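Asks: Here is a sequence with its predicted model. Questions after.
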Amino acid sequence: MSDVGVLIGPTASGKSALAVALAAAVGDVEIVSMDSMAVYRGMDIGTATPSMADRGGVPHHLLDVVDPWCEHTVADHQAMVNEVLADISGRGHRALLVGGTGLYVRAVVDRLSIPARYPEVRAALEADPDTEALHRRLSELDPLAASRMEPMNRRRILRALEVTLGSGMPFSAHGPGLGEHAPVSWPIIGLELERPLVDRRIAERYAIQMEVGFLDEVRTLAALPEGLSPTARQALGYRELLSHIEQGVPLETAVTEAITRTRRFARRQQRWFRRDPRIQWISVDEAGTSGLVSTVATALGW
């Protein structure tokens with residue numbers, strides 16, 4: 001029996017609620033967030049970070065731990081997760097890694113060697129606003145890396161170019177590559193939902209978030225004297241509401257764009273996870289995740 005399990009799935013798949021229910025049922029499980037945006041303080045509504053009430057007394061780690069004006073990298077998260085896992089294990093408890101940021105999960109599960117940072121190269125690249133042009137440049141320098149990412153995924157494209165130019169080696173040459181799926185000792189469970197269900201849940205979640213103060217949350221963040229990091233500004237929903245606050249984009253248009261971008265992101269998540277043959281998939285239907293606790297616990301060997 002492994003003392004670490006992994007629960008993944010697309011945004012709005014019900015991972016957080018299921019994780020809490022599972023941890024409460026098993027009794028000695030602590031939850032470790034693998035969400036690249038939920039780490040930021042003050043970004044709770046838009047990232048659907050579980051409230052203290054929703055956590056049901058279950059210990060959660062790596063939520064609200066980084067100021068929103070700071071950068072938070074894959075390597076940062078990998079190091080933080082490893083430290084948390086050692087602490088949980090030292091107390092004789094089990095850990096459940098939960099999240100939808102695929103690269104963060106792979107970095108921990110596969111103990112990836114993260115390439116170095118090259119700040120000056122990165123700054124020069126960020127000065128170019130044309131993401132598609134940057135992707136074309138990456139295609140010339142590292143066709144393999146370029147083929148593995150969407151032409152408009154600016155964050156990943158910038159990172160690949162930064163490493164390729166800074167190190168003098170193709171980004172795809174660092175480590176065994178994400179196409180490799182070596183055996184792991186931790187069970188990985190994936191929540192599988194039909195696309196229409198995911199689409200509807202995303203729209204419904206935005207409606208609820210707007211009702212409970214998402215716009216005010218973004219206004220507060222936009223007014224911070226330190227500003228927001230480039231990564232935080234690109235978070236789903238935040239980028240669109242910032243365009244409303246700072247550029248006057250109509251609110252209805254901003255929310256519609258947020259829903260559209262989030263649905264596209266969910267599809268990318270599903271494609272990313274589908275490439276990993278180690279994931280055991282469990283179907284989620286209209287009834288949601290309420291009846292899945294025993295199924296997931298069994299799959300995890302708990």
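Replies: Yes, it's here.
Asks: Show me where the stretch 51-200 of the chain has its strands.
Replies: Secondary structure of the stretch 51-200 of the chain by DSSP state E, counting those that start in this stretch: the strands cover 60-61, 94-99, 188-192.
Asks: Including distance to residue 118, mean neighbour count and mean pLDDT, could the ones you listed go into TSV?
Replies: Just so you know, the C-beta spots here come from the backbone N, C-alpha and C atoms, and that holds for glycine as well. TSV is the format used below for the strands of the stretch 51-200 of the chain (distance: least, C-beta to C-beta, whole Å; neighbours: other C-beta atoms under 10 Å; pLDDT from 0 to 100):
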stretch	distance to residue 118	mean neighbour count	mean pLDDT
strand 60-61	30	20	98
strand 94-99	27	24	97
strand 188-192	32	20	97
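Asks: Throw those into JSON lines and include distance to residue 41, thanks.
Replies: As requested, these are exported to JSON lines (distance: least, C-beta to C-beta, whole Å):
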{"stretch": "strand 60-61", "distance to residue 41": "14"}
{"stretch": "strand 94-99", "distance to residue 41": "17"}
{"stretch": "strand 188-192", "distance to residue 41": "27"}
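Asks: out of those strands, which comes closest to residue 212?
Replies: Residue 212 lies closest to strand 60-61 among those, at 19.6 Å (C-beta to C-beta).
Asks: remind me which residues of the stretch 201-302 of the chain are low pLDDT?
Replies: Across the stretch 201-302 of the chain, the ranges flagged by pLDDT under 70 are 290.
Asks: Sketch out the strands for it, chain order is fine.
Replies: Under the criterion DSSP E, counting those that start in this stretch, the stretch 201-302 of the chain carries strands at the ranges 279-283.
Asks: Can you verify my assumption that residue 227 contacts residue 69?
Replies: Yes: with contact defined as C-beta atoms under 8 Å, residue 227 and residue 69 form a contacting pair (5.6 Å).
Asks: domain ranges for the protein?
Replies: 4-113+179-300, 119-173 (automatic domain parsing).
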